[in-house]
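> everything below, folded, please.
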Amino acid sequence: MACRNVLVTGCSSGIGLAVAVRLAKDELKRFRVVATMRDLDRRGSLEQAAGNALNNTLEIKELDVRSEESIRECVNSIPQRQVDVLVNNAGVGMIGPLECQSIGSMQSLFDTNFFGLARVVKEVLPDMKRRQSGHIVVMSSVMGIQGLLFNDVYSASKFAVEGFCESLAVQAMKFNVKMSLIEPGPVITEFENKIYEDAANMDLSDTDEETAKIFKQIYLPYSKAIFTSLGQTPQDIAEHTLKVITSDSPPFRHQTNKLYTPLTALKQADPSGRLPLDAFYKITFQHNRVLNASLALLRLLHRGSRKEPKPEKPA
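Sure thing, here's the model as predicted:
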């Protein structure tokens with residue numbers, strides 16, 4: 001099988017770093033990885049994790065998804081602009097009461113999470129269409145399927161990502177270009193830890209006392225419990241991503257955490273939308289003992305299901 005060029009965005013830490021390293025260290029040597037990041041001063045962790053793969057099957061380049069010029073320069077630096085697989089991972093997070101978020105910070109988040117994706121795809125898709133081959137893999141989230149309390153803006157950006165990809169996938173199929181959405185649930189990364197650390201010290205003076213209390217005393221403790229019970233590692237997500245990329249018939253949507261699937265299934269179960277809203281409301285405000293007991297059970301199930309998925313062997 002020919003070695004495929006894979007461009008990965010957002011590789012300074014977390015999922016992007018794990019995906020880039022996993023592909024570069026593929027036992028069958030199927031990939032040459034261009035691992036990119038906005039700030040090359042943050043390349044140290046990636047270089048250390050890459051080890052012998054660095055400058056062999058993994059090359060580090062600068063790419064800022066907020067800049068069309070930066071994206072074009074990076075793609076132009078790849079021989080024949082040959083991007084066989086794009087893994088769009090770059091993203092930022094935001095949690096907290098809506099009244100405490102500025103419109104500017106919301107626009108900045110969309111500039112990375114949604115418009116960043118659109119810019120990168122806009123750059124590589126014409127080449128893929130011309131070659132009649134390619135695979136665009138997008139790191140989405142279960143919050144692109146089901147909104148979550150105090151994740152209004154982040155979830156909105158992932159809903160935008162899902163709609164963009166679902167619409168574009170139909171056209172891409174005509175040109176033999178595949179599209180896949182990877183939809184993790186909670187993932188334990190420096191990225192997530194920093195978001196929750198900032199949230200714990202957040203200025204809540206712009207919202208009402210009751211909302212601030214819900215955020216501090218209910219949402220943050222529950223989120224910590226959910227991450228402890230359901231959280232995956234970046235390496236888990238990297239294995240799932242490898243499986244999608246190496247599949248002969250890759251799925252359009254791939255959820256990485258089966259324990260989270262029942263929560264997203266609620267939305268499909270009731271077209272009126274009331275079922276998931278009522279369920280999340282009751283879990284959050286009325287049945288905290290049930291939630292805690294459920295999370296304890298899920299922790300046990302999660303420990304028994306932590307075997308990483310094995311990548312498919314090529315035909």
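> please name every helix or strand in contact with the helix or strand encompassing Met179.
Element membership for Met179 (DSSP states H and E) is strand 177-183. Using 3 or more Cβ pairs under 8 Å, 6 or more residues apart in numbering; DSSP states H and E, the elements in contact with strand 177-183 are helix 115-131, strand 134-139, helix 152-174, helix 234-246, strand 253-255. (Each C-beta comes from the backbone N, C-alpha and C, glycine too.)
> point out the most buried one among those.
strand 134-139 (a mean of 24; mean count of other Cβ atoms under 10 Å).
> quick check: mean pLDDT across that strand?
The predicted model assigns strand 134-139 a mean pLDDT of 98.
> what does that strand contact?
15-16, 83-89, 91, 117, 121, 124-125, 127-128, 161, 165, 172, 176-182, 184, 237, 241, 244-245, 250 (Cβ atoms under 8 Å, 6 or more residues apart in numbering).
> neighbours around the nearest residue to Arg4 once chain neighbours are set aside, how many?
Distance criterion Cβ to Cβ, 6 or more residues apart in numbering; nearest residue to Arg4, sequence neighbours excluded, is Asp84 at 3.9 Å. The number of residues packed near Asp84 is 20, by other Cβ atoms under 10 Å.
> please tell me how far Asp84 sits from Val6.
Distance, Asp84 to Val6, by Cβ to Cβ, to the nearest Å: 7 Å.
> do the same with Val19
In terms of Cβ to Cβ, Val19 sits 9 Å off from Val6.
> hey, what's in contact with both of the two?
Val87.
> tell me which of these two has more neighbours.
When neighbours are counted by other Cβ under 10 Å, Val19 and Val6 differ, and Val19 comes out ahead with 31 against 26.
> confidence score at the nearest residue to that one once chain neighbours are set aside?
With Cβ to Cβ, 6+ apart as the criterion, Val19 has its nearest non-adjacent residue at 4.6 Å, and that residue is Ala238. On pLDDT, Ala238 comes in at 98.
> residue contacts, Ala238?
Residues near Ala238 by Cβ under 8 Å, 6+ apart: Ile15, Ala18, Val19, Val21, Arg22, Leu23.
> repeat that for His254.
Residues near His254 by Cβ under 8 Å, 6+ apart: Ser180, Leu181, Ile182, Glu183, His240, Val244.
> please redo it, this time with the cut-off set to 6 Å
Shown in contact with His254 (Cβ atoms under 6 Å, 6 or more residues apart in numbering): Ile182, Val244.
> which residues of this protein fall in strands?
4-8, 31-37, 58-62, 85-88, 134-139, 177-183, 253-255 (DSSP state E).
> the ones you listed into JSON lines, with extra columns for distance to Ser105?
Shown next, in JSON lines, are the strands of the chain (distance: least, Cβ to Cβ, whole Å):
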{"stretch": "strand 4-8", "distance to Ser105": "26"}
{"stretch": "strand 31-37", "distance to Ser105": "21"}
{"stretch": "strand 58-62", "distance to Ser105": "24"}
{"stretch": "strand 85-88", "distance to Ser105": "22"}
{"stretch": "strand 134-139", "distance to Ser105": "21"}
{"stretch": "strand 177-183", "distance to Ser105": "24"}
{"stretch": "strand 253-255", "distance to Ser105": "29"}
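> what's the closest of those strands to Ser77?
Of all these, it is strand 58-62 that lies closest to Ser77, at 6.5 Å by Cβ to Cβ.
> the closest residue to Phe175 other than its chain neighbours and Gln171, how far apart?
The shortest distance from Phe175 to any non-neighbouring residue, by Cβ to Cβ, 6+ apart, is to Lys129 (4.1 Å). To Gln171, Lys129 is 9 Å away according to Cβ to Cβ.
> cool, Ser12 as well?
Per Cβ to Cβ, Ser12 is found 32 Å from Gln171.
> repeat that for Arg253.
Per Cβ to Cβ, Arg253 is found 18 Å from Gln171.
> surely Val92 touches Thr112?
Yes: with contacts counted by Cβ atoms under 6 Å, Val92 reaches Thr112, the gap being 5.0 Å.
> and the closest residue to Leu263 other than its chain neighbours, how many neighbours?
Of all residues not flanking Leu263 in the chain, Gln146 sits nearest, at 6.5 Å (Cβ to Cβ, 6+ apart). By other Cβ under 10 Å, 19 other residues sit near Gln146.
> which pLDDT does the model give Ile78?
You'll see Ile78 listed with a pLDDT of 97.
> quick check: phi and psi at it.
phi -90, psi 130 (degrees, to the nearest 10).
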